[in-house]
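Enquirer: give me a 3D structure for the following:
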Amino acid sequence: MCPSRKILNQSKNGTLTFCSHSKLFQVVYNNLCFEYYEWELDAFKKYIDTLDIKYWEEQLKCTFNHRKIPISLGLNHFIILVDRHEIHELKELLNIDNAAIHFIGYDEINYHLIEN
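Expert: Take a look at the predicted model:
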């Protein structure tokens with residue numbers, strides 16, 4: 001890992017880091033990677049916080065996909081679909097909920113333990 005990169009927060013499926021050299025925040029969640037300057041990260045946090053989960057689940061209830069909540073990136077014809085649990089995990093990763101710190105359990109760690 002780059003010495004100027006610092007891990008700010010981590011969840012089961014994601015990591016929030018900051019690079020002091022480039023002044024960029026990097027949000028890696030599942031197979032998605034977003035790089036933001038501070039003002040862009042704040043705008044993304046506000047957008048995620050204002051998503052109406054119930055509305056989108058009701059609007060897209062007839063779709064075959066279990067992910068029903070769209071995250072628009074401002075590009076035409078490109079949206080990311082997530083489910084309720086992924087939104088909550090993203091909010092925790094971005095410190096939006098301001099809830100107590102959630103410590104992951106041993107069952108959430110992706111590691112194969114071999115006892116000798």
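
Enquirer: return the residues in contact with the residue positioned nearest the centre of the chain.
Expert: Within the chain, the residue whose C-alpha comes closest to the C-alpha centroid is L90; the distance, by CA atoms, centre = their mean, is 3.2 Å. Counting by CB atoms under 8 Å, 6 or more residues apart in numbering, L90 makes contact with 14, 29, 48, 82, 96. Just so you know, the C-beta spots here come from the backbone N, C-alpha and C atoms, and that holds for glycine as well.

Enquirer: mind telling me the two of these farthest from one another?
Expert: Across these, the longest distance by CB to CB is 14.1 Å; it joins V82 and I96.

Enquirer: can you put the contacts of L90 in JSON lines and add secondary structure?
Expert: Output for these, formatted as JSON lines (DSSP: H, G, I helix; E, B strand; the rest coil):
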{"residue": "G14", "secondary structure": "strand"}
{"residue": "Y29", "secondary structure": "strand"}
{"residue": "I48", "secondary structure": "helix"}
{"residue": "V82", "secondary structure": "strand"}
{"residue": "I96", "secondary structure": "coil"}
